[in-house]
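A.B. asks: pasting a predicted model and its sequence here:
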Amino acid sequence: MTVPTDDLATTRSVYRELELLGYDRAFSFEAKHDPFLPLAVAAEHTERIGLGTAVAIAFARSPMTIANAAWDLQALTGGRFTLGLGSQIRPHVEQRFSMPWSRPAARMRELVLAVRAIWSSWQDGTPLDFAGEFYTHTRMVPAFDPGPLDAAPPILLGGVGPAMTAVAGEVADGLIVHPVNSRRSLQELTVPALAEGAARSGRSVADLELLCVTIVVTGRDEQQFDRSLEAVRTQLAFYGTTPAYQPVFALHGYGDLHDDLRRLARDGRWEEMGALVDDDLVRTIAVVGEPHEIAPAVRERLTGISDSVGLVNNRAPDPEHLAEVVAALHDGG
């Protein structure tokens with residue numbers, strides 16, 4: 001589950017609630033708030049549930065700051081932390097974070113290798129000597145070395161296009177698939193790119209975690225269901241303005257949708273955009289149904305592709321109404 005983060009005051013309770021509901025892992029994400037800080041609080045109020053970032057913006061930080069934050073959270077959580085990283089798009093990196101942007105796939109590959117080199121220096125005492133095209137880390141003294149842990153945290157990369165997906169396959173421990181996906185896009189676009197990257201490092205897709213973030217439309221009554229549906233319609237309209245997600249829409253015959261949505265967005269007509277996302281597209285991208293229908297639909301979508309699913313409805317988050325879905329997935333329903 002990706003955890004809603006608008007109200008930081010809920011941090012002390014929401015992660016504990018998700019643990020009690022049976023979720024295996026809960027992810028923060030970088031939007032209005034820092035993604036790492038809430039997990040430090042969550043670590044103190046949970047015992048079992050995995051905690052991670054999905055995602056922290058990699059290019060807003062240096063490999064050293066990322067390595068430190070992840071190492072500290074791995075220690076605070078007792079080994080329950082997963083470092084999820086994403087690139088964001090160029091305007092946000094340059095104009096919001098005031099950080100450099102170039103060749104994102106190559107930069108991400110090097111950033112992950114740099115983080116691993118830093119961790120190796122702490123874990124094994126390996127001299128820190130990383131010199132790349134984008135990042136250089138050659139100084140580590142005892143005063144700044146936190147020392148070894150039982151294990152370094154796993155690294156998952158958020159990826160959409162084939163280049164970044166391949167990078168995840170090559171240097172990360174897995175891929176976080178963006179919510180704009182379908183069974184067909186996973187089979188035809190995502191898995192082949194991940195396999196290509198994995199082959200570069202002598203691995204296969206079976207060696208990696210493929211976390212398929214899946215949008216869910218459901219509700220216990222008609223009002224909840226309609227709220228969930230309209231929230232997803234609006235969310236997909238927002239996603240549709242971004243070129244990176246165009247291949248998935250085009251794969252299913254919605255290749256013209258991007259231009260139409262961009263035109264409305266440029267005119268400030270955001271409230272009209274959701275009407276362009278029809279029910280067929282919602283049902284293609286999202287898993288839709290009554291609560292008891294969701295787990296079987298998730299299994300139908302992901303069988304033979306992945307055993308790892310993230311349940312989301314970012315604009316109508318209600319972890320409790322997915323509780324029976326979580327139970328059914330664990331029970332094999």
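C.D. replies: Cool, got the structure. Numbers count the residues shown, from 1 in each chain.
A.B. asks: with only the CA atoms kept, save the strand ranked longest in the chain in CSV.
C.D. replies: Residue-count comparison of every strand in the chain, with assignments taken from DSSP state E, identifies strand 209-217 as the longest. C-alpha atoms of strand 209-217 as CSV (Å, rounded to 0.1, in the frame of the first residue of the first chain):
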residue,chain,number,x,y,z
GLU,A,209,11.2,-8.2,-7.5
LEU,A,210,8.6,-6.9,-9.9
LEU,A,211,6.3,-4.7,-7.8
CYS,A,212,3.2,-4.1,-9.9
VAL,A,213,1.5,-1.1,-8.5
THR,A,214,-2.2,-1.6,-9.4
ILE,A,215,-5.0,1.0,-9.2
VAL,A,216,-8.1,-0.3,-7.5
VAL,A,217,-11.7,0.9,-7.9
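A.B. asks: in the very next helix or strand once past that strand, which residues are buried?
C.D. replies: From strand 209-217 onward toward the C-terminus, using DSSP states H and E, the following helix or strand is helix 222-239. Of the residues in helix 222-239, 225, 227-239 count as buried by neighbour count, 16 or more other C-beta atoms under 10 Å. Placement of C-beta: from N, CA and C, glycine included.
A.B. asks: same question, stretch 187-197
C.D. replies: With burial defined by 16+ other C-beta under 10 Å, the residues of stretch 187-197 counted as buried are Leu189, Thr190, Val191, Ala193, Leu194, Ala195, Glu196, Gly197.
A.B. asks: now distance to Ala117, pLDDT and secondary structure too, for these, in a markdown table please.
C.D. replies: Shown next, in a markdown table, are those (distance: C-beta to C-beta, whole Å; pLDDT from 0 to 100; DSSP: H, G, I helix; E, B strand; the rest coil):
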| residue | distance to Ala117 | pLDDT | secondary structure |
| --- | --- | --- | --- |
| Leu189 | 31 | 97 | helix |
| Thr190 | 28 | 98 | helix |
| Val191 | 29 | 98 | helix |
| Ala193 | 25 | 98 | helix |
| Leu194 | 23 | 98 | helix |
| Ala195 | 26 | 98 | helix |
| Glu196 | 24 | 98 | helix |
| Gly197 | 19 | 98 | helix |
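A.B. asks: pick the one among the residues you listed closest to Val115.
C.D. replies: If you rank those by distance to Val115 using C-beta to C-beta, Gly197 comes first, at 17.2 Å.
A.B. asks: state the distance from the closest residue to the closest one other than its chain neighbours to Ala286.
C.D. replies: Leaving out its chain neighbours, the residue that sits closest to Gly197 by C-beta to C-beta, 6 or more residues apart in numbering is Gly169, at 2.7 Å. Computed with C-beta to C-beta, to the nearest Å, the distance linking Gly169 and Ala286 is 26 Å.
A.B. asks: again, but for Pro100
C.D. replies: Look at Pro100 and Ala286: by C-beta to C-beta, they are 36 Å apart.
A.B. asks: and if you look at Arg80?
C.D. replies: 29 Å.
A.B. asks: between the two, which one's more packed in?
C.D. replies: When neighbours are counted by other C-beta atoms under 10 Å, Arg80 and Ala286 differ, and Ala286 comes out ahead with 25 against 20.
A.B. asks: which residue ranges of the stretch 101-250 of the chain form helices?
C.D. replies: Using DSSP state H, counting those that start in this stretch, the helices found in the stretch 101-250 of the chain span residues 104-124, 162-171, 183-185, 191-200, 222-239, 246-251.
A.B. asks: quick one: which of those helices is nearest Val282?
C.D. replies: Val282 lies closest to helix 222-239 among the helices of the stretch 101-250 of the chain, at 5.8 Å (C-beta to C-beta).
A.B. asks: which outside residues touch the closest one?
C.D. replies: Counting by C-beta atoms under 8 Å, 6 or more residues apart in numbering, the neighbours of helix 222-239 from elsewhere in the structure are 179-180, 215-219, 245, 261, 273-274, 276-277, 281-282, 285-286, 288, 290, 313-316, 318, 321.
A.B. asks: could you find the closest non-adjacent residue to the residue nearest the centre of the chain?
C.D. replies: Nearest to the mean C-alpha position of the chain, by C-alpha atoms, centre = their mean, lies Ala54 at 3.6 Å. Ranked by C-beta to C-beta, 6+ apart and with sequence neighbours excluded, the top spatial neighbour of Ala54 is Phe27, at 3.6 Å.
A.B. asks: swap in Ile118?
C.D. replies: Once its chain neighbours are removed from consideration, Ile118 has its nearest residue in Ala67; the separation is 4.1 Å (C-beta to C-beta, 6+ apart).
A.B. asks: surely Thr11 is in contact with Ala42?
C.D. replies: Yes: applying C-beta atoms under 8 Å as the test, Thr11 and Ala42 come out as touching, 6.1 Å apart.
A.B. asks: more crowded one of the two?
C.D. replies: Set side by side, Thr11 and Ala42 show unequal neighbour counts under other C-beta under 10 Å, the larger going to Ala42 at 26 against 21.
A.B. asks: who's in contact with that one?
C.D. replies: Contacts for Ala42 were tallied using C-beta under 8 Å, 6+ apart; they are Thr11, Tyr15, Arg16, Ala26, Leu51.
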